[in-house]
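# The sequence isn't on hand, but the structure is:
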């Protein structure tokens, strides 16, 4: 069963996000209080714990939010989901809009330390279709098309 491991936000772009108890996502906006919110296709970022595990051998203390992800997941291979996949997470419904991204400024601090970063390959982005609250422990359901 796929679940939310952590939810994270930051009020400044380009920094590690901090875990919070709950986030609220809004249509045409994204996450309240997050610097990446706005009317664009990358309102919410998601990354699998399984992806982070690939770097934990070199850096065992990697915490939620270190790759600037909003939602850390477990039990679902996010980067294999097709664009347009709908995800019911907590009270919200998200639509996958992008798989991976271009690295910023020759890579993040993690990439400079380890030589690798999983977010550009395995992180995904989504827009909010139905608003609501999301918290750690919430189930993630792939909604049939």
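In hand now; what should we look at? Owing to the predicted nature of the structure, the values given are computational and were not obtained by experimental measurement.

# quick one: secondary structure of the residue nearest the centre of the chain?
In the chain, the residue lying closest to the centroid (CA atoms, centre = their mean) is residue 46, at 1.8 Å. Here residue 46 is recorded as strand under DSSP: H, G, I helix; E, B strand; the rest coil.

# what sits against the nearest residue to it once chain neighbours are set aside?
Nearest residue to residue 46, sequence neighbours excluded (CB to CB, 6 or more residues apart in numbering): residue 71, at 4.5 Å. No exception for glycine: its C-beta is placed from N, CA and C like everyone else's. Applying CB atoms under 8 Å, 6 or more residues apart in numbering, we find residue 71 in contact with 4, 6-8, 23, 44-47, 89, 134.

# Where does the prediction get shaky in this protein?
Within the chain, the segments meeting pLDDT under 70 span 102-116.

# can we see that at 90?
The model of the chain has pLDDT under 90 over residues 12-16, 36, 40, 42, 51-63, 65-68, 100-121, 145.

# Could you pull out the helices in it for me?
49-56, 109-114, 119-122 (DSSP state H).

# The longest one: how far from the chain's middle?
Relative to the chain's own centre, helix 49-56 is displaced by 14 Å; criterion: CA atoms, centre = their mean, to the nearest Å.

# in that helix, what counts as buried?
For helix 49-56, the buried set under the neighbour-count rule, 16 or more other CB atoms under 10 Å, comprises 49, 51-52, 55.

# which among these gets closest to residue 101?
residue 51 (13.2 Å; CB to CB).

# Help me confirm that the closest one comes into contact with residue 117.
No. Contact between residue 51 and residue 117 fails when scored by CB atoms under 8 Å: they sit 10.0 Å apart.

# which residues does the closest residue to residue 139 other than its chain neighbours contact?
Setting aside the residues directly before and after it, residue 139 is nearest to residue 3 in space (CB to CB, 6+ apart), at 5.9 Å. Counting by CB under 8 Å, 6+ apart, residue 3 makes contact with 73-75, 137-140.

# quick one: which of those is most hemmed in?
For those, the largest number of neighbours (other CB atoms under 10 Å) sits with residue 73, at 24 neighbours.
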